[in-house]
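Participant: Sequence plus the predicted model coming up.
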Amino acid sequence: MSLSLIFEARALLQQHNPQQALELLKPHLEEFKDNTQYLTILAEALMECSDLESAYEVLTRAVELDPRAETGTEKFFYLGQIIGSQEGLRLLKVGIEQLHAKLEIAKSNPAAASTDSFILDLLVSHHSIEAVTAYMVSKINHALLSCIEIWMTDLCMEDEAETECETLIQYALAFQPENPENWSTLGSIRISQQRNDDAREALTKAWHLFDEKKTQLEGSANSSSAGDSDVDYTDLIQPLLALSHHLLNIFELALASSASSAVQDIDDSNLESYYLEAFACYLQVKQQKFVAMASEEQAKYENDFQSLSIDLAADSQSDELALLLKQSRTALVAGWKLCQSDAVDMEDPDVAELGQQIVALLEETGGKVKMSEMRDEKFEVEEGWENEIDMNDS
């Protein structure tokens, strides 16, 4: 088949245009129905368009055509994540084992690598053996984390679930010790084990590694490899959101706020990041008020700072609390503004629910934010916007 079709579709997906990729690929379905590369990129486009049922059918066909992953492993990784459970683990294992074998060839046997069709296919898009090696390492690591996710969700009630998670995460950490997603996943495992101090240590390391990686990618944005850097940069969004959720679970609120804010640097139309940042700051107000209380007063709230209420008049007398309230409201207003724009799909039930949470929290933290408080360059708003908000109608 023509590689130009694959390259063009891949470029559209990297530019976040999955619908255009589908329109490009679908007319060729009958022609390339037995081509695993075509079927894999088609499945990617379908998944990006949230058509998991069709993607499942396409991936199943691709795996049937190439049961040993001789023409690529992505289809096994995608299908394994969709199916989950034991069959999902089996598919992921096929991909992992194939990549491990090819990685060993690429690292230790240049002569064999130069004639290996699997590696040669990767060289077409990755251009150097070093880039191919890095790609395979990344994909193996991601597949290991996918296995952990299955054990922590679909198979969490199995007797061996905790042992399997521990084995896999230690393997991933040894394989890629500087990968922030590995440390974030370790933190999630430790939370599930109620080992919060260990979780805190792992998640703090994850945040620092994410921050370093983000800074590095920003610095390389103008280099000759900027295209690849742009893809890597946007790939940080979901892991950073997951990290923020983990940090909120153990009340590492300042770091949760920072992780959420970092997402906005990458995509300033990510609604969830504004809510998470606002909620973290909101909880910080309560947490700091609680810490300042005498132990007898804390006991009245059963030592649960979340049960405290926000007292706007009193809390605003503290410079530190007032700053946190302002930061929370500012993020909420930015999220509210997004809900009024075409940047988010309010027809999506999950997005609509998030919008409702934003409005509710905005009301609790003081409602409207004055224009003088909205001069942060991150949030560009029009004069008179505050007249648009009517909290009584929410």
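Facilitator: Arrived safely. Residues are numbered from 1 along each chain as shown.

Participant: what bits of this protein have low per-residue confidence?
Facilitator: For the chain, applying pLDDT under 70 flags the ranges 1-2, 221-231, 313, 368-394.

Participant: Now name the helix or strand holding the residue nearest the centre of it.
Facilitator: For the chain, the residue nearest the mean C-alpha position is Gln238 (1.1 Å; CA atoms, centre = their mean). According to DSSP states H and E, Gln238 maps onto helix 237-249.

Participant: for the helix or strand just after that helix, packing partners?
Facilitator: Using DSSP H and E, the helix or strand that directly follows helix 237-249 along the chain is helix 253-266. For helix 253-266, the elements it packs on are helix 196-219, helix 237-249, helix 271-291, helix 319-339, judged by 3 or more CB pairs under 8 Å, 6 or more residues apart in numbering; DSSP states H and E. (Glycine included, C-beta is placed from N, CA and C.)

Participant: Can I get those in JSON lines including distance to Glu353?
Facilitator: Converted to JSON lines, the helices and strands packed on helix 253-266 look like this (distance: least, CB to CB, whole Å):
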{"stretch": "helix 196-219", "distance to Glu353": "26"}
{"stretch": "helix 237-249", "distance to Glu353": "16"}
{"stretch": "helix 271-291", "distance to Glu353": "10"}
{"stretch": "helix 319-339", "distance to Glu353": "11"}
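
Participant: Out of these, the one nearest Val63 is which?
Facilitator: Closest approach to Val63 among the helices and strands packed on helix 253-266 is made by helix 237-249 (24.8 Å; CB to CB).

Participant: list the buried ones in the helix holding Gln238?
Facilitator: In terms of neighbour count (16 or more other CB atoms under 10 Å), helix 237-249 has its buried residues at 237, 239-249.

Participant: Next: stretch 254-274.
Facilitator: By neighbour count on 16+ other CB under 10 Å, the buried set for stretch 254-274 is 255-264, 266, 270-274.

Participant: which two in the residues you listed are spaced the farthest apart?
Facilitator: The widest separation within the buried residues of stretch 254-274 (CB to CB) is 20.7 Å, between Leu255 and Leu271.

Participant: ok, Leu24 touching Glu8?
Facilitator: Yes: contact status for Leu24 versus Glu8: in contact at 6.2 Å, counting by CB atoms under 8 Å.

Participant: Which residue ranges of the stretch 101-250 of the chain form helices?
Facilitator: With DSSP state H, counting those that start in this stretch as the definition, the stretch 101-250 of the chain shows helices at residue ranges 110-113, 117-126, 129-152, 161-175, 180-192, 196-219, 226-234, 237-249.

Participant: looking at those helices, which is buried most?
Facilitator: Highest mean neighbour count among the helices of the stretch 101-250 of the chain (mean count of other CB atoms under 10 Å): helix 180-192, with a mean of 24.

Participant: Now do that one: which elements does it pack against?
Facilitator: Counting contacts by 3+ CB pairs under 8 Å, 6+ apart, helix 180-192 packs against helix 129-152, helix 161-175, helix 196-219, helix 237-249.

Participant: In JSON lines: these, plus distance to Glu44.
Facilitator: Formatted as JSON lines, these follow (distance: least, CB to CB, whole Å):
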{"stretch": "helix 129-152", "distance to Glu44": "14"}
{"stretch": "helix 161-175", "distance to Glu44": "24"}
{"stretch": "helix 196-219", "distance to Glu44": "22"}
{"stretch": "helix 237-249", "distance to Glu44": "16"}
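
Participant: right, and the ones you listed - which one's nearest Cys49?
Facilitator: Of all these, it is helix 237-249 that lies closest to Cys49, at 17.1 Å by CB to CB.

Participant: picking up where we left off before, I'd like the buried residues of helix 237-249 written out as JSON lines, with distance to Glu70 added.
Facilitator: What follows is the buried residues of helix 237-249, written out as JSON lines (distance: CB to CB, whole Å):
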{"residue": "Ile237", "distance to Glu70": "33"}
{"residue": "Pro239", "distance to Glu70": "30"}
{"residue": "Leu240", "distance to Glu70": "35"}
{"residue": "Leu241", "distance to Glu70": "36"}
{"residue": "Ala242", "distance to Glu70": "33"}
{"residue": "Leu243", "distance to Glu70": "36"}
{"residue": "Ser244", "distance to Glu70": "40"}
{"residue": "His245", "distance to Glu70": "38"}
{"residue": "His246", "distance to Glu70": "38"}
{"residue": "Leu247", "distance to Glu70": "42"}
{"residue": "Leu248", "distance to Glu70": "44"}
{"residue": "Asn249", "distance to Glu70": "42"}
